[in-house]
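Chemist: Predicted model and sequence below, questions to follow.
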Amino acid sequence: MALDAIIELPREAVHYLLTVLRLSDGARLKVFNGRDGEWLGELSQQGRKSASLKLLEQTRPQPETRSVDYIFAPLKAARLDYMVQKAVEMGATRLRPVITQFTQVSRLNLERMRANAIEAAEQCGILSVPEVCEEIPLSSLLRDWDPSHLLLFCDEDAEPGDPLAILQAQKAAPLGVIIGPEGGFSDQERQHLLQIPNVIRLSLGPRILRADTAGVAALALAQATLGDWRRK
């Protein structure tokens, strides 16, 4: 993006702006692409199905983002939509679905996930949209895990402890947060996870949380202690 640049809008964006929002020629709106910050643009309508934006000024620079991978076993559609939206709000930079032994959903609509991620970013004023990865077996992700990255393993069988104290003792580093399926991890998967370098096994309290709730709780802990919630 650059000052005075003209951006031809795709058909779906034209429909949303002109038909759904009923914006008229000359309307001004803020736009972003996940790389170049936020810009104020002026809408120029060319007929009923064509429009463009002229960039008038940058209103916010692109912020630095801390690397946070949200790793999860896929859920059914409605709860997956919720989980994707909340992960974006909580600052996840990559959404990485993994297939585990007890995963109940094995096929994902990645385009729907991406659309939900973009919508969540738009609604919350977030200028970066996380990468949405294709689903892979958990064993493949663990095999290729970068040992310099922390892996926050939320385990319902972990010994109770103060999660804030555990995480505050860690040094800041690229981070992964992994949440299991509704049936939990198998014993074999749990042992494999505990063998990963830089893994932090963490209890999320005395109650068993649903997978989408556990994701929000874990990401909140991670951002408060190792992420961008900390005072700089």
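Modeler: Good, I have the coordinates.
Chemist: Every contact and neighbour count from this point should use C-alpha atoms.
Modeler: Noted.
Chemist: domain parsing for the chain?
Modeler: For the chain, the domain assignment from automatic domain parsing gives the residue ranges 6-60, 68-225.
Chemist: Now do the end-to-end distance for the longest one.
Modeler: Domain 68-225 has an end-to-end distance of 13 Å (CA to CA, to the nearest Å).
Chemist: cool, and the first one?
Modeler: Criterion CA to CA; first-to-last residue distance in domain 6-60 is 19 Å.
Chemist: picking that back up, mind putting the domains of the chain into a markdown table with mean pLDDT?
Modeler: Conversion of the domains of the chain to a markdown table gives the following (pLDDT from 0 to 100):
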| stretch | mean pLDDT |
| --- | --- |
| domain 6-60 | 92 |
| domain 68-225 | 92 |
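Chemist: Let me know which of these is tucked in deepest.
Modeler: With neighbours defined as mean count of other CA atoms under 10 Å, the domains of the chain peak in mean count at domain 68-225, which reaches a mean of 18.
Chemist: And that one, how far out from the chain middle?
Modeler: With CA atoms, centre = their mean, to the nearest Å as the basis, domain 68-225 stands 10 Å off its chain's centre.
Chemist: Sketch out the helices for this structure, chain order is fine.
Modeler: When assigned using DSSP state H, the helices of the chain occupy the ranges 11-14, 77-89, 110-124, 138-143, 163-168, 187-194, 211-225.
Chemist: Out of those, the one nearest residue 100 is which?
Modeler: helix 138-143 (5.7 Å; CA to CA).
Chemist: So which elements touch that closest one?
Modeler: In terms of contact count using 3 or more CA pairs under 8 Å, 6 or more residues apart in numbering; DSSP states H and E, helix 138-143 is assigned the packing partners strand 94-99.
Chemist: pull the CA atoms of the strand it packs on into CSV?
Modeler: This file holds the C-alpha atoms of strand 94-99, laid out as CSV (Å, rounded to 0.1, in the frame of the first residue of the first chain):
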residue,chain,number,x,y,z
ARG,A,94,-0.8,-19.0,13.2
LEU,A,95,-3.7,-21.4,13.4
ARG,A,96,-2.4,-25.0,13.2
PRO,A,97,-5.0,-27.8,13.3
VAL,A,98,-3.7,-31.3,14.2
ILE,A,99,-5.3,-34.7,14.0
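Chemist: what sits up against it?
Modeler: Residues outside strand 94-99 that contact it (CA atoms under 8 Å, 6 or more residues apart in numbering): 67-74, 84, 106, 130-138, 141.
Chemist: again, only this time at 6 Å
Modeler: Strand 94-99 is contacted from outside by 69-74, 130-133, 135-138, using CA atoms under 6 Å, 6 or more residues apart in numbering.
Chemist: just stretch 69-80 next, same as before
Modeler: With CA under 6 Å, 6+ apart, stretch 69-80 has contacts from 92-99, 105, 176-181.
Chemist: if we can go back for a sec, okay, the helices of the chain in JSON lines with distance to residue 151 next?
Modeler: JSON lines is the format used below for those (distance: least, CA to CA, whole Å):
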{"stretch": "helix 11-14", "distance to residue 151": "38"}
{"stretch": "helix 77-89", "distance to residue 151": "16"}
{"stretch": "helix 110-124", "distance to residue 151": "23"}
{"stretch": "helix 138-143", "distance to residue 151": "10"}
{"stretch": "helix 163-168", "distance to residue 151": "11"}
{"stretch": "helix 187-194", "distance to residue 151": "9"}
{"stretch": "helix 211-225", "distance to residue 151": "11"}
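Chemist: Out of these, which is closest to residue 50?
Modeler: Evaluated over these, closeness to residue 50 peaks at helix 11-14, with 6.4 Å, by CA to CA.
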